[in-house]
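>>> dropping the sequence and predicted coords here.
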Amino acid sequence: MGVQTGGIAQLNRFRGLRTHMVKVLIPREWDRDEKRVASSPDVIKRLSGRKLSCRVERGAGEASGFQDEDYAAAGAELVAPGDQAVWSDSDVVLSVGPIGDRISQLKPGALVLGQLAPHNNNALLDQLERGQLSAISLELLPRISRAQAMDVLSSQANIAGYKAVLMGAASLDRFMPMLMTAAGTVQPAKVVIIGAGVAGLQAVATARRLGAVVSVSDVRAAAQEQVESLGARFIAPPEQGVPGETGGYAKQATKSFLEEQREGLAVHLNQADLVICTAQVPGRPAPLLITQAMVEAMRPGAVIVDLAVLQGGNCEVSKPGQTVAHHGVQVIGADRLPGSVAHHASALYSRNLLALLEVLVDQEGQLSLNAEDDLLNPSLISLNGTLRRTDLVPDRATPQQEVTQ
Ligand code: NAD
């Protein structure tokens, strides 16, 4: 990855003046359909205890079950949504997703923390550069032990895996568990889970708890033991051309590997009642593992839940936010599952943010960004407008001081 070097930047330009408190803003999410909020009242209390001044836009927590009064009781100042004076006076903005056009109202040196979707996002990088802003994109935190408590990908994927199975089970024309009744015996549902990362493993555990028979496909060798320890069967990938992995993530597979993998999967899909798709490769389109023809070969009444739909989908038929009926198979393009469990998703997300802020904020409530810290080196995409991840947009003009890591 291309990373520009940089030292420690004090975010608070008034460092040393005891009267200046770092002002943290928790806005309503820019995406109107986003139900989560970046900070729970509980976490506001903890941030206030660390001498940060917290402001919350009215109604920010409403869709996730947190009321304005709870924020006020926790020590936050309630402010009007979108108030330009508040935005231009904030030092730090905490958000779940991208903050949209409001980014242009921030003052130079302000810091944005959120899942900013920076891959191939020239517009975002331009805004950060132009506004001399700093930004930590939480999707880019490294998967190291020190970062576990901050890992928003894990906390949210865990929820997605759980909810995907519940949605799938609710849409099925049959039971999940085996049942022995006076009217006869019902066989357990056959569930295929594609991808055994955080979401996939939670889906395995949830489907097993509901009594289904579960098979799982992944390309990483380490996944086999994890899958089997949860009582599921591992579907081995093709032997030739396994994509390998970097930092625990699968690499992009070749076309011929995927073709062979699809052939192997087809046998399992033909028998499946429920398929949960979670296979992803960071920063790349999701691997296509279920073609339209493969859907057509499945039994009518089967259900596919595609969690990778926003990255192009593991299933050719899936569409973001829609349920498509194709040859009697329901294909659910599940793009917002963490938001469908908004209360707990927000509570966990805000604990992730708190864990990161505890590293960035000292005892005096002053904030500093050490670009060489293992946590920030990959995730601090901009430091006061200097872009640090030149690999996020491959065809973007690269600055001269770039070093490759
Ligand atoms: P992810 O969302 O990037 O991908 C989901 C899964 O899809 C991965 O298991 C991946 O191997 C799999 N996949 C990719 N291509 C595939 C294909 N062609 N066929 C089948 N499966 C395919 O992954 P994630 O959930 O973010 O987890 C990535 C890794 O990070 C895992 O190894 C996980 O255990 C690890 N992890 C480590 C920590 C930590 O140490 N702090 C925390 C969380 C996750």
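Everything's here; your move.
>>> distance check, the nearest residue to residue 260 once chain neighbours are set aside against residue 253.
Of all residues not flanking residue 260 in the chain, residue 238 sits nearest, at 4.0 Å (CB to CB, 6 or more residues apart in numbering). Any C-beta I mention is one placed from the backbone N, CA and C, and that applies to glycine too. Distance, residue 238 to residue 253, using CB to CB, to the nearest Å: 9 Å.
>>> overlap in contacts of these two?
Here residue 238 and residue 253 have residue 261 as joint contacts, going by CB atoms under 8 Å, 6 or more residues apart in numbering.
>>> neighbour count: the two, which is higher?
Neighbour count, other CB atoms under 10 Å: between residue 238 and residue 253, residue 253 has more, with 23 against 17.
>>> the more buried one in helix, strand or coil?
Classification of residue 253 using DSSP: H, G, I helix; E, B strand; the rest coil returns coil.
>>> in this structure it contacts residue 241, no?
Yes. With contact defined as CB atoms under 8 Å, residue 253 and residue 241 form a contacting pair (7.3 Å).
>>> mind listing the strands for the stretch 251-400 of the chain?
Counting by DSSP state E, counting those that start in this stretch, one finds strands in the stretch 251-400 of the chain at the ranges 274-277, 303-306, 323-326, 329-333, 368-370, 380-383, 386-387.
>>> direction included, what does the shortest one pair against?
Read it as strand 386-387. Here strand 386-387 has these sheet partners by DSSP bridges: strand 380-383 (antiparallel).
>>> ends of stretch 168-185, how far apart?
Stretch 168-185 has its terminal residues 22 Å apart, counting by CA to CA, to the nearest Å.
>>> who in the protein is up against the ligand?
Within the chain, the positions adjacent to the ligand are 143, 147-148, 151, 153-154, 157, 194-200, 217-220, 223, 248-250, 253, 261, 278-282, 287, 289 by CB under 6 Å from any ligand atom.
>>> if I look at the residue nearest to residue 230 when sequence neighbours are not counted, how far off is the ligand?
Nearest non-adjacent residue to residue 230, counting by CB to CB, 6+ apart: residue 204, 4.7 Å away. As defined by CB to the nearest ligand atom, to the nearest Å, residue 204 lies at a distance of 11 Å from the ligand.
>>> same question, residue 334
From residue 334 to the ligand the distance is 14 Å (CB to the nearest ligand atom).
>>> repeat for residue 58
34 Å.
>>> thought residue 148 was touching residue 154?
Yes. Between residue 148 and residue 154 there is a contact at 7.5 Å, judged by CB under 8 Å.
>>> quick one, phi psi at residue 302?
Here is the backbone geometry of residue 302 (degrees, to the nearest 10): phi -70, psi 160.
>>> report pLDDT for it.
Listed pLDDT for residue 302 reads 98.
>>> drop anything exposed from the residues of the chain next to the ligand.
Among these, those classed as buried by 16 or more other CB atoms under 10 Å are 147, 151, 153-154, 157, 194-200, 217-220, 223, 250, 253, 261, 278-281, 287, 289.
>>> for the stretch 301-405 of the chain, what spans make up the helices?
Along the stretch 301-405 of the chain, counting by DSSP state H, counting those that start in this stretch, helices occupy 342-360, 376-379.
>>> what does stretch 96-111 rub up against?
11, 13, 27, 29-31, 34, 36-38, 82, 84, 87-93, 112, 114-117, 124, 127-128, 130-136, 346, 349, 367, 369, 384-385.
>>> for it, which positions count as buried?
Within stretch 96-111, the residues scored as buried using 16+ other CB under 10 Å are 96-99, 102-103, 105-106, 109-111.
>>> looking at those residues, which is nearest residue 181?
Nearest to residue 181 among those, counting by CB to CB, is residue 96 at 44.8 Å.
>>> correct me, but residue 377 touches residue 371?
Yes. Residue 377 lies in contact with residue 371 (CB under 8 Å); the separation is 6.6 Å.
>>> for the closest residue to the ligand within the stretch 101-250 of the chain, which non-adjacent residue is spatially closest?
As assessed by CB to the nearest ligand atom, the ligand sits closest to residue 197 within the stretch 101-250 of the chain, at 2.2 Å. Spatial nearest neighbour of residue 197, chain neighbours left out: residue 278 (6.3 Å); criterion: CB to CB, 6+ apart.
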